[in-house]
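**Q** let me see the structure of the following:
(one chain, ligands or ions: 4)
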Amino acid sequence: MTPQTSHSGQDVPARVLVIDDCVDLHRLLKVRLGAEGYEMIEAVGGEDGLMRARRDTPDVVLLDLEMPGLDGFEVLRALKEDPRLQDVPVIVLSGLDSPGDKVTAFDLGAIDFVGKPFDMAELRARVRSALKISSLMRMLEQRAQLDGLTGLWNRAYFETQWANEAKRARRHDHPLSLAIVDIDRFKDVNDSYGHPAGDAVIQGLARLFQRELRGSDIACRYGGEEFALVMPETSPSSALALCERIREEFGALSWPRHPGRGVTFSCGIAGARGGVPVDPADWVEIADSNLYAAKRSGRDRSIMTDLTPEPGIRQAS
Ligand code: GH3
Ligand code: MG
Ligand code: MG
Ligand code: MG
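**A** Numbers count the residues shown, from 1 in each chain. Ligands and ions are numbered 1, 2, ... in the order given. Here you go, the predicted structure:
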């Protein structure tokens with residue numbers, strides 16, 4: 001996935017999970033908040049609430065504190081310990097409103113605290129504000145993972161996603177491929193036509209990746225003129241075919257700032273048709289050494305290693 005195609009969440013109604021042992025409250029909120037266009041999810045009790053949260057990943061949680069069984073503090077703690085749910089804003093909605101209870105709720109990670117009985121207009125405003133804060137937080141987090149020049153994911157994002165995808169592929173015995181791409185003789189482009197011309201080439205290649213890769217692929221700017229492409233569910237031979245197609249397209253591009261001088265790239269690929277016992281860091285090293293082999297043997301080519309049992313090395317140019 002390139003950042004531009006990632007979910008914005010703007011067109012889908014926000015999902016509000018209400019965890020409260022009082023059925024009347026559910027009825028009231030369903031009518032009054034449902035009318036705001038939210039999708040309401042009801043859980044009558046702590047255990048049920050946690051189960052629904054894990055299943056439906058809501059956008060905001062309204063949480064009662066006093067409930068039989070698992071109480072609100074325990075639910076809050078469990079939500080904040082779950083990596084998938086810890087960023088979901090939780091508004092505590094409770095009759096307990098001693099300063100001590102409020103401090104505990106905030107310390108456990110609640111974003112807001114509304115005492116019962118509450119004013120409906122105020123609750124609506126607080127829900128809107130919690131949703132806005134969490135969407136701003138998401139945007140900030142995403143910005144920190146984006147490369148400024150190209151809009152692709154940056155290296156930090158690559159490192160975490162690559163480790164995740166490698167783990168997933170191994171666990172499910174699925175195909176996975178990784179390509180590392182480096183623009184050829186790029187210093188010459190900068191030296192001959194200037195840094196802005198070099199930037200335009202980097203941006204042009206990024207656009208090509210965004211156009212040619214699938215939604216599930218992850219295109220990252222790995223460093224200066226180097227890119228890493230993570231291709232889940234893709235065999236190394238398919239990855240090679242894809243990279244070769246992009247390489248040919250890229251080589252055929254004409255650049256407005258230097259129409260007579262085309263640019264090429266070299267590419268190293270490592271992949272497997274099924275999860276193989278290779279360390280994620282070793283995959284990167286293998287793809288990298290293929291990239292350098294491609295450079296040494298003349299540039300403008302891709303070299304691939306198939307890591308599935310009986311590994312072999314194939315070359316295309
Ligand atoms: P090779 O074919 O062996 O890869 O040669 P190369 O010239 O591409 O490799 P080298 O590592 O010598 O040069 C890479 C250059 O990329 C040097 C650096 O100034 C330039 N560079 C790195 N980041 C940027 C950038 O953001 N914009 C521009 N214009 N140039 C950059
Ligand atoms: Mg209660
Ligand atoms: Mg380089
Ligand atoms: Mg280079």
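**Q** can I take it that Leu85 is in a strand?
**A** No. The assignment for Leu85 is coil, going by DSSP: H, G, I helix; E, B strand; the rest coil, so no strand is present there.
**Q** let me know how buried it is, in neighbour terms.
**A** Leu85 has 17 neighbours, counted by other CB atoms under 10 Å. All C-beta atoms are positioned from the backbone trio N, CA, C, and that covers glycine.
**Q** likewise Phe118?
**A** What Phe118 shows, counting by other CB under 10 Å, is a neighbour count of 13.
**Q** in stretch 238-247, what's buried?
**A** By neighbour count on 16 or more other CB atoms under 10 Å, the buried set for stretch 238-247 is 239-240, 242-244, 246-247.
**Q** residue ranges with poor pLDDT in the stretch 101-250 of the chain?
**A** For the stretch 101-250 of the chain, applying pLDDT under 70 flags no range at all.
**Q** now the helices for it?
**A** Remark: helices assigned in the stretch 101-250 of the chain by DSSP state H, counting those that start in this stretch are 120-143, 155-172, 186-193, 195-212, 236-252.
**Q** do you know which of these lies nearest ligand 4?
**A** The minimum distance between ligand 4 and these falls on helix 186-193, with 4.4 Å, by CB to the ion.
**Q** and that closest one, anywhere near ligand 4?
**A** Yes. Using CB under 5 Å from the ion, helix 186-193 reaches ligand 4 at Phe186.
**Q** okay, that helix in CSV with CA atoms only?
**A** Written as CSV, here are the backbone C-alpha positions of helix 186-193 (Å, rounded to 0.1, in the frame of the first residue of the first chain):
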residue,chain,number,x,y,z
PHE,A,186,22.5,9.0,-10.2
LYS,A,187,25.4,11.2,-9.1
ASP,A,188,26.0,11.9,-12.8
VAL,A,189,22.4,13.2,-13.1
ASN,A,190,22.9,15.6,-10.2
ASP,A,191,26.3,16.7,-11.4
SER,A,192,25.2,17.2,-15.0
TYR,A,193,21.8,18.7,-14.6
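**Q** coming back round to it: kindly indicate which of the buried residues of stretch 238-247 lies nearest ligand 1.
**A** Ligand 1 has its nearest neighbour among these in Arg247, at 13.5 Å by CB to the nearest ligand atom.
**Q** test my guess that that closest one contacts Asp300.
**A** Yes. Counting by CB atoms under 8 Å, Asp300 is a contact partner of Arg247 at 7.2 Å.
**Q** anything in contact with each of these two?
**A** Common neighbours of Arg247 and Asp300 (criterion: CB atoms under 8 Å, 6 or more residues apart in numbering): 264-265.
**Q** and Met120, how far from Leu25?
**A** Note on Met120: its distance to Leu25, by CB to CB, to the nearest Å, is 12 Å.
**Q** of these two, who's got more company?
**A** More neighbours surround Leu25 than the other of Met120 and Leu25, with 18 against 13 (other CB under 10 Å).
**Q** give the bridge partners for whatever residue of the stretch 201-317 of the chain ends up closest to ligand 3, please.
**A** Proximity of the stretch 201-317 of the chain to ligand 3 (CB to the ion) peaks at Glu226, 4.9 Å away. Beta bridges link Glu226 to Asp182, Gly223 when assigned by DSSP bridges.
**Q** got a list of what it touches?
**A** 180-183.
**Q** repeat that for 7 Å
**A** Residues near Glu226 by CB atoms under 7 Å, 6 or more residues apart in numbering: 180-182.
**Q** cool, Ala130 as well?
**A** 60, 89, 91, 111-112.
**Q** without its sequence neighbours, what residue ends up closest to it?
**A** Residue nearest to Ala130 in three dimensions, not counting chain neighbours: Pro89, with 4.1 Å by CB to CB, 6 or more residues apart in numbering.
**Q** quick check, pLDDT for the one you found.
**A** At Pro89, the pLDDT value in this model is 98.
**Q** report how many residues lie close to it.
**A** For Pro89, using other CB under 10 Å, the count is 22.
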